[in-house]
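In: what's the 3D shape of this:
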Amino acid sequence: MDGIIAAWLRLETRRRGRSLLILALLVAFGTATVLTAVAGARRGGGAVDRLLAVTAPATAVVLPNQAGFDWAGLRALPQVEAVTTFPGYTSTVLAEDPGDDSPSPFVAADTEAMRTIERPVVLAGRLPDPASAHEAVVTPAYAARGFTVGRRVTVLLPTPDTAAAGIGGARTGPPRGPRVPVTIVGVVRSTWYADEPDGRGHFIPSPGLVAAYPDEILGPDRQAPLNGLVRVADGGLPALRAWLAGRGDVEIADRADELAHVRQVIGFETGCLLVFAVAAFLTAAVLVAQAVFRYATTSAVDLRPLTLVGMTRRQAATATAAAVLPSAFLGAGAGVLASVLASAWLPYGTAALYEPSPGLDADLPVLLPGGVAVAALVTAGTAVTALLPR
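Out: Alright, predicted model coming up:
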């Protein structure tokens, strides 16, 4: 009887090769759609945590908004692991981008930036030399506007007197001080160096810019207030708040609270993607089930004469399922491959702004079991359908 089944499979491949190919395409399309949505939801849901895990993130933003703050004392606290400062009310202006006078999250005032705290992942190029005033990095949205790695731009700085007036709140007009040539050397991302939805992106100069032009950025008397990013050990935030409480009107923003809203938005987007996955699964199940039913019914009619020479219904169902098996696994495998290729466009929405490793991603815990399950369900469904009484 095994010889009869083998002969039947060869005959079916020749007679109904087109139908089996169409079934494989249906399985591939359904598998790719569902698995891509599920894997994309998992990837997006974990984007913030994966980015935090590799970027030495800040615990809090400390905003004294006053010159002369005791940053040395803060750094000496036993709970504090890393600190970097940046002048408040300061931005960089590029001659090539005159429409945006605040493109930077901050202008780093020390070499700790992008090194010991909020060390961003490098998506292209490299980090800037902290000792050079002529290097900078950008975020992906800024790079997408043509400011890619290797491009040279000109940073426009105010004169020291104009800087002092601006720090004091006076309207100063366009910068008329030094014109600093800067080369963009990298594209970076962290939860601090992150793009906003539909934002223009950020230009982030090396700490060497402040070191080379302190009068033009901090003012001739260093009157620009320094704010800072601080990372403390687990459980150390209350102690930091207590230390700051006796030092004037100092604001402190918990980065976890700031990221909570981001997580909520991503959670909503992930939920929508999972709902889409369920809808896609139901739609694919109906389409594939119809194709399987038609094939199994036709195959059962063709196999009926063989039952007269001893083939049982179970053997007929096995022959029908065996003919479908290659199409099921071929379609499921193609669907898994298509899902890996489609991952280059995921995650989407807000999660894409926090993805530390954009590009292709093979979520094997989803793709492998999913592909095998699809092939097994199609094959088993064919066998069950063939066994139904007619």
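
In: Burial check on His261, number of neighbours?
Out: 10 (other C-beta atoms under 10 Å). Bear in mind the C-beta positions are built from the backbone N, C-alpha and C, glycine included.

In: Name the secondary structure element that contains it.
Out: helix 255-307 (DSSP states H and E).

In: That helix: what's the following helix or strand?
Out: Using DSSP H and E, the first helix or strand after helix 255-307 is helix 313-342.

In: Which other helices and strands does that following helix contact?
Out: helix 2-15, helix 17-45, helix 255-307, helix 364-387 (3 or more C-beta pairs under 8 Å, 6 or more residues apart in numbering; DSSP states H and E).

In: the inter-axis angle of the longest one versus helix 364-387?
Out: In this structure, helix 255-307 runs at an angle of 30 degrees to helix 364-387, with axes from the mean of the first three to the mean of the last three C-alpha atoms, to 10 degrees as the basis.

In: picking up where we left off before, most tightly packed of the helices and strands packed on helix 313-342?
Out: For the helices and strands packed on helix 313-342, the largest average neighbour count (mean count of other C-beta atoms under 10 Å) is found in helix 17-45, namely a mean of 22.

In: For Pro225, which non-adjacent residue is spatially closest?
Out: Distances taken as C-beta to C-beta, 6 or more residues apart in numbering put Gly88 closest to Pro225, at 4.7 Å, once the chain neighbours are dropped.

In: How about the contacts made by that neighbour?
Out: By C-beta atoms under 8 Å, 6 or more residues apart in numbering, the contact list for Gly88 reads Leu63, Asn65, Ala224, Pro225, Leu226, Asn227.

In: Surely the second one is in contact with Gly228?
Out: This means Asn65. No. Using C-beta atoms under 8 Å, Asn65 is not in contact with Gly228; the gap is 11.4 Å.

In: sorry, back to before: if you look at the contacts of Gly88, which of them are in strands?
Out: Members of the contacts of Gly88 lying in strands (criterion: DSSP state E): Leu63, Leu226, Asn227.

In: how is this structure carved up into domains?
Out: 1-53+262-387, 65-249 (the TED database).

In: what's the distance between the first one and the middle of its chain?
Out: Per C-alpha atoms, centre = their mean, to the nearest Å, the displacement of domain 1-53+262-387 from the mean C-alpha position of its chain is 26 Å.

In: How about the last one?
Out: Distance of domain 65-249 from its chain centroid, counting by C-alpha atoms, centre = their mean, is 24 Å.

In: nearest spatial neighbour of Thr33, skipping sequence neighbours?
Out: Ala280 (4.4 Å).

In: Same question for Asp361.
Out: Going by C-beta to C-beta, 6+ apart, Asp361 has Ser343 as its nearest residue, at 4.4 Å.

In: pLDDT score assigned to the one you found?
Out: Looking at Ser343, its pLDDT stands at 95.

In: one step back: of the contacts of Gly88, buried ones?
Out: Applying 16 or more other C-beta atoms under 10 Å to the contacts of Gly88, the neighbour count classes Leu63, Ala224, Pro225, Leu226, Asn227 as buried.

In: farthest-separated two in those residues?
Out: Within the buried ones among the contacts of Gly88, Leu63 and Ala224 form the most distant pair, 13.2 Å apart (C-beta to C-beta).

In: Output the below-cut-off pLDDT ranges for the stretch 51-200 of the chain.
Out: Along the stretch 51-200 of the chain, segments meeting pLDDT under 70 span 89, 98-105, 168-172.

In: which residues in it form strands?
Out: For the stretch 51-200 of the chain, the strands defined by DSSP state E, counting those that start in this stretch occupy 60-63, 80-87, 93-94, 121-125, 135-138, 152-156, 179-189.

In: With just CA atoms, put the longest one into CSV.
Out: Extracted C-alpha coordinates of strand 179-189, given in CSV (Å, rounded to 0.1, in the frame of the first residue of the first chain):
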residue,chain,number,x,y,z
ARG,A,179,32.1,80.2,12.8
VAL,A,180,33.3,76.7,13.7
PRO,A,181,33.6,74.1,11.0
VAL,A,182,32.3,70.7,12.3
THR,A,183,32.1,67.3,10.7
ILE,A,184,29.3,64.9,11.5
VAL,A,185,31.0,61.7,12.5
GLY,A,186,28.1,59.5,13.7
VAL,A,187,24.4,58.8,14.0
VAL,A,188,23.4,57.9,17.6
ARG,A,189,20.5,57.0,19.8
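
In: So what's the residue count around Ala245?
Out: 10.

In: and it, backbone torsions?
Out: Main-chain torsions, Ala245, degrees, to the nearest 10: phi -60, psi -30.

In: how near is it to Gly228?
Out: Applying C-beta to C-beta, to the nearest Å, the value for Ala245 to Gly228 is 17 Å.

In: same question, Ala58
Out: 9 Å.

In: Please apply the same query to Glu118.
Out: Taking C-beta to C-beta, one finds Glu118 at 11 Å from Gly228.

In: So Leu360 is in contact with Ala342, correct?
Out: No. Look at Leu360 against Ala342 with C-beta under 8 Å: they stay out of range, at 9.3 Å.

In: neighbour-wise, which of those two wins?
Out: Ala342 (17 against 11).

In: and that one, what is it in contact with?
Out: Ala32, Thr36.

In: What of Ala289?
Out: For Ala289, the contacting residues are Gly381, by C-beta under 8 Å, 6+ apart.

In: With Ala39 instead?
Out: Ser339, Ser343, Leu346, Asp361, Asp363, Val366, Leu367.

In: related to what we said a few turns ago, and the two most separated of the contacts of Gly88?
Out: Top of the distance list for those (C-beta to C-beta): Leu63 and Ala224, 13.2 Å.

In: Just put the domains of the chain in CSV and tack on distance to Arg255.
Out: Formatted as CSV, the domains of the chain follow (distance: least, C-beta to C-beta, whole Å):
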stretch, distance to Arg255
domain 1-53+262-387, 9
domain 65-249, 7
